[in-house]
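Need coordinates for the below:
(chains A and B)
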Amino acid sequence: MSPCNLFHMVQIDFREIEKVWQDKWEKEGVFQPEPSEKPKFFITIPYPYLNGNLHAGHTRTFTIGDAFARYKRMKGYNVLFPMGFHVTGTPIIGLAELIQKRDENTMRVYSEFHDVPENVLVNLDTPEKIVEYFSKEALKSMKEIGYSIDWRRVFTTTDETYQRFIEWQFYRLRELGLVVKGTHPVRYCPNDMNPVEDHDLLHGENATVVDFTIIKFYYIDSSGEKIILPCATLRPETVFGVTNIWLKPVKYTIAKVNGEKWLVSEEAYEKLTFTEKEVEMIGEVNAEELFGKYAINPVTQQRIPILPADFVDTDNATGVVMSVPAHAPYDYVALEELKRSEMAKKYNLSEILEKIEPIVLISSGEGEGIPAKMIVDEMGIKDQTDPALERATKLLYKREFHKGILLDITGEYAGIKVSQIKDKLQRDLIERDIGDVFYEFSEKPVVCRCGTKCVVKVVRDQWFLNYSNPEWKARVLEHLEKMRIIPDYYKEEFRNKIEWLKDKACARRKGLGTRIPWDREWLIESLSDSTIYMAYYILAKFINQGVIKAENMTKEFLDYVLLGEGDFEEAVKSSGLDEEIVKKIRDDFVYWYPVDMRSSGKDLVANHLLFFLFHHIAIFPVELWPRAIAVNGYVSLEGKKMSKSKGPLLTMKRAVRENGADVTRMYILYTSEYDSDADWRRRDVETLSQHLRRFYDLVKENYGEKKEPDMLDRWLISRFQKIVKETTDAMENFQTRRAVNAAFFEMMADVRWYLRRGGDNLSVILDDWLRLLSPFIPHICEELWHLRHDSFVSLENYPEYDENKVDEESEMAEEYLKNLISDIKEILKFVEARTIYIAVAEPWKFDVLEIVKGEKELRNAMKKVMEREEYRKMGKNVSAYLKNLMKEKIDFILQEEKLIRDNIDFIKKEVGVEVVLDSDKVPESKRKASIPGKPALYAVS
RNA sequence: GCGGGGGUUGCCGAGUCAGGAAAAGGCGCAAGGCUUAAGACCUUGUCCCGUAGGGGUCCGAGGGUUCAAAUCCCUCCCCCCGCACCA
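Numbers count the residues shown, from 1 in each chain, chains lettered A, B, ... in the order given. Below is the predicted model:
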């Protein structure tokens, strides 16, 4: 048989074992808990979104959760670990459309990376078929990797019963006043007539929506009409320093905007039509006609000229710019350049330009002068096209934003920090009807996948979840402090995100999901319907049994079983369910809730996990609020980021089929910790598979009757106890990497030493070792466990650390031998020798050690010893020894001679030369250096 | 920019909270053993120097506190993630 075939046989072997135990677990329903006397533990993982197969990222999050569930189960908890499927929202619809269109990239990615067979893929042309297919695949994958999930509770978020549950939730939130109406800006494709998400974009994924302040400068035209010049700015406070208006010498549009006449660029007009404003085009005007004319600053009432500037970008905001030469480098340079230019002559502006003086309105403690001029001079900027101008602008803006204070010229705003003025001023201007807001992308272009340029659309009368509600936030923050967050520094992250959270639009026009029950033209957005569904798992078991149907899920029923509110009789009556059933469901719920642990990828911190907290706190009584959250990092493939829609991607199924469930599990648990990212490396996975193979063979060969433990066995047992302690501590802290490292690799190292030392009683730890490893590699452990037991190791008790089994003496003895062998080998590296003579330290050295035991300071130790006359006489010898002793930190005393004699054959075998314990053969010069624990050695050729 | 995390030996990563001779464990590489043979197994080595078990260097950079700093304090540099309405 070729090595290659042998290699494959190994994999198949594991897969067969795995199948056997998965079937038995399922057949005997070992992971289907019911309320009992035992303490409960309810762990949940966010259900996967099914626009593809489960991948390595899911594998990581779910495996961590499963290992923890298994650990807790063995620790004596009644563990509920359920799973459902998320299909709400737009991506599945989008995918169906792409498959319908036979989109090339999609077809390639789904066959190549998602492993969907070609003939199946072409038929996945409706959302329903996609959900059907991927939910089956997901379920299969999760069974194949051996998760201890209670599958009686599985559901999909488009189930009618689930929709009833969501409706109930939304009615509840509305009653609490937490669903409100509002308006907000979104990225929008005019062609598709739909808001666009990141993955719908060709360009501009990084663009954010920024709100410019509009300040309504104006002029009176020849017919006496007031025409508004809506200057757009990110720095409204500089309105006090405006010296002129900039327009580009091109055609502008005059439009009626909410009854006023506005002059804006042609592009800006288009954009305005997507806002909530009423907009109508009424004419055009060439900007050239306005140069040299005057406008009024509505804040200061000053008359200021309208001037030409090429740097004006008509596709940015309104295309009308106010000029603040004292604080805006662009304005300053443009003004200086204009003074020298042909344009000044052409439009007859020289006289006007001479009178313009920059107006300083901010002090940032950088001394006297005009800030924009200073920075422009400093950087040697000559004209508007100099790229350094962008840098100068940013630099100055940053400095003034952080350090700037408004000067007296700003009147009522004098003394306020620049960083604190923007929102206030914007509000004031709008209140006085001389201001407005204009939304614009931070980066351009933003282009939809259909090729159309996107705009910012302001959506009116949208339903919002009122997360900005200060009382709601305060309650969430307060509860957060009582929660366990893993890793702990994420608590700070959560704190910040809670404070940062604004109202969230929770209604959509398009997608799968549940309609807002009181406003059925809207669908509930898909993150908003996934906040408290862990409660639904309790109902799901009854729903799947056919006991509860959608029509039974009335408000009274849900109020009663989930909140304990209302009347039992009412709940029974309105639901049409039997009394015992309602009572049973309520009892189940009371037993299982709240969620004890929610474990998730770190990508959900700033969204789902926040909503999860907010909604629980809004809806449920305090005793049912979540107890703990854990987050983990991502998984990359050979250093490359995974992508569901572009590849590369490794599916859970493929990982398991190629490597086996236990190898996959252990790799993903061991390869990284907490929120640090894991990397899936084929080569490493294969070596790990060898480790497990070795382990399997080792246990199989050594698993027998335990013999009475000897000294070496006691050492092994002692080491094992420390491993148990380390593993348990790691698991309590949700550290699977540390746990696997200890339970598997470090124990393995000790076992190797044990066998090398001639240990032949490995069984003394095997029962416990299998139990210890069972949460990580359950199938192999189950298989091996059944060599000698009939029970499921998955349901056994986890090993407990037992201090009485710790044997410090045997540990010291083994340590002593390791050191001795290593020292001899070190010497043999440099000295050709046939015999090594060993001399244990002289008896007086042991006496001194007794005297100074526990003493850490050399000075004090020296004093203590020198109190005795016999040592004072030995003077120098003693002090040299003592220094050495303190340095080596020796504080134990062993029967060294006996230890060496008993193990002399082993030592000889290890070092490969003759070894003799005979102090007479070791010269005095060597003996001097010996200390307890470190005998003198002498090499003779 | 704001917020969170991080920078340790060829790589991944312990160690940092509670200062006491840094480098657990894994991977990779090398040598020896075993073997018909092997990518399998066992052992050893893997910052530098060393023909006696030793010595030296070292934790992004630079300062400081201390008998003693990867660890505490200050300044700086670099990297990753989030900043939303999207699952």
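
Quick one: end-to-end distance for stretch A:378-387.
The first and final residues of stretch A:378-387 sit 15 Å from each other (CA to CA, to the nearest Å).

What residues of that stretch count as buried?
A:Ile381, A:Gln384, A:Asp386 (16 or more other CB atoms under 10 Å). Backbone N, C-alpha and C define where each C-beta goes, glycine included.

which residues sit against that stretch?
Residues from elsewhere that reach stretch A:378-387 (CB atoms under 8 Å, 6 or more residues apart in numbering): A:Ala309, A:Asp310, A:Phe311, A:Pro329, A:Tyr330, A:Val333, A:Ala334, A:Glu337, A:Ala388, A:Leu389, A:Arg391, A:Ala392.

Only whichever of those are buried, select them in PyMOL.
If you want just the buried ones from these in PyMOL, going by 16+ other CB under 10 Å, the selection is:
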select buried, chain A and resi 309+310+311+329+330+333+334+337+389+392
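
of all the contacts of stretch A:378-387, which comes closest to RNA strand B?
Within those, the smallest distance to RNA strand B is 13.2 Å, found for A:Arg391 (CB to the nearest atom of the strand).

Run through the neighbouring helices and strands of the helix or strand where that closest one lies.
Element membership for A:Arg391, per DSSP states H and E: helix A:388-403. On a contact count with 3 or more CB pairs under 8 Å, 6 or more residues apart in numbering; DSSP states H and E, helix A:388-403 meets helix A:329-340, helix A:371-379.

Taking their axis directions, the last one and helix A:388-403 sit at what angle?
Per axes from the mean of the first three to the mean of the last three CA atoms, to 10 degrees, the angle that helix A:371-379 makes with helix A:388-403 is 130 degrees.

Name the residues of helix A:371-379 that are buried.
In helix A:371-379, counting by 16+ other CB under 10 Å, buried: A:Pro371, A:Ala372, A:Lys373, A:Met374, A:Ile375, A:Val376.

go on, stretch A:23-41?
Buried residues in stretch A:23-41 (16+ other CB under 10 Å): A:Trp25, A:Phe31, A:Gln32, A:Pro33, A:Lys40, A:Phe41.

so of these, which ones are in helices?
Under the assignment DSSP state H, those contribute A:Trp25 to helices.

Pass me the low-pLDDT residue ranges in the stretch 301-450 of chain A, would you?
For the stretch 301-450 of chain A, the stretches flagged by pLDDT under 70 are A:365-367, A:402.

hey, where'd the strands end up in it?
A:303-308, A:321-323, A:362-363, A:405-406, A:435-441, A:447-448 (DSSP state E, counting those that start in this stretch).

what's the next secondary structure element after the last one?
Reading on from strand A:447-448 to the C-terminus, the next helix or strand found by DSSP H and E is strand A:455-465.

hmm, that following strand in reach of RNA strand B?
No. Strand A:455-465 lies apart from RNA strand B when judged by CB under 7 Å from any atom of the strand; the minimum separation is 7.9 Å.

Can you check what angle separates the helix or strand just after that strand from strand A:455-465?
Remark: after strand A:455-465, the chain's next helix or strand is helix A:470-482, criterion DSSP H and E. With the same axes, to 10 degrees as the basis, helix A:470-482 and strand A:455-465 are set at 70 degrees to each other.

who does whichever helix or strand comes after helix A:470-482 pair up with?
With elements assigned by DSSP H and E, the helix or strand that comes after helix A:470-482 is strand A:484-486. According to DSSP bridges, strand A:484-486 forms sheet pairs with strand A:628-632 (parallel).

Can I get the partner strand in CSV? Just the C-alpha atoms.
Extracted in CSV, the C-alpha atoms of strand A:628-632 (Å, rounded to 0.1, in the frame of the first residue of the first chain):
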residue,chain,number,x,y,z
ALA,A,628,-22.9,36.6,29.7
ILE,A,629,-21.6,37.3,26.3
ALA,A,630,-18.4,35.9,24.7
VAL,A,631,-16.9,36.9,21.4
ASN,A,632,-14.4,35.3,19.2
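
Contacts for it, please.
A:60-61, A:64, A:483-487, A:490, A:494, A:596-602, A:604-605, A:609, A:674-675, A:734.

could you give the mean pLDDT of that strand?
Averaged over strand A:628-632, pLDDT sits at 95.

hmm, that strand in reach of RNA strand B?
No. If you take CB under 7 Å from any atom of the strand as the test, strand A:628-632 misses RNA strand B, and the best it gets is 10.2 Å.

Out of the strands of the stretch 301-450 of chain A, flag the one nearest RNA strand B.
Comparing the strands of the stretch 301-450 of chain A by CB to the nearest atom of the strand, strand A:435-441 comes nearest, at 10.7 Å.

Same question for the closest one: list its buried residues.
In strand A:435-441, counting by 16+ other CB under 10 Å, buried: A:Gly435, A:Asp436, A:Phe438, A:Tyr439, A:Glu440, A:Phe441.

Who are the packing partners of the helix or strand containing A:Asp847?
Following DSSP H and E, one finds A:Asp847 within helix A:843-852. With contacts taken as 3+ CB pairs under 8 Å, 6+ apart, helix A:843-852 sits against helix A:858-866, helix A:869-888.

Against which helices or strands is whatever helix or strand comes next after the last one packed?
I take that to be helix A:869-888. Tracing the chain C-terminally past helix A:869-888 and defining elements by DSSP H and E, one meets helix A:896-902 next. Here helix A:896-902 touches helix A:808-830, strand A:914-917, going by 3+ CB pairs under 8 Å, 6+ apart.

pLDDT below threshold where in chain A?
A:1-12, A:198-199, A:206, A:365-367, A:402, A:854-859, A:886-892.

check contacts around A:Ile370.
A:Pro325, A:Ala326, A:Tyr332, A:Pro358, A:Val360.

I should have written A:Leu54 there, sorry.
If a contact means CB under 8 Å, 6+ apart, then A:Leu54 has A:Pro48, A:Phe62, A:Glu137, A:Ala138, A:Ser141, A:Met142, A:Thr651, A:Met652, A:Lys653 as its contacts.

Quick check: nearest residue in space to it, chain neighbours excluded?
A:Met652 (4.2 Å; CB to CB, 6 or more residues apart in numbering).

Burial check on the closest residue to A:Tyr674 other than its chain neighbours, number of neighbours?
In space, and not counting its chain neighbours, A:Tyr674 is closest to A:Pro487: 4.6 Å by CB to CB, 6+ apart. Neighbour count for A:Pro487, taken as other CB atoms under 10 Å: 18.

Alright, I will stop here.
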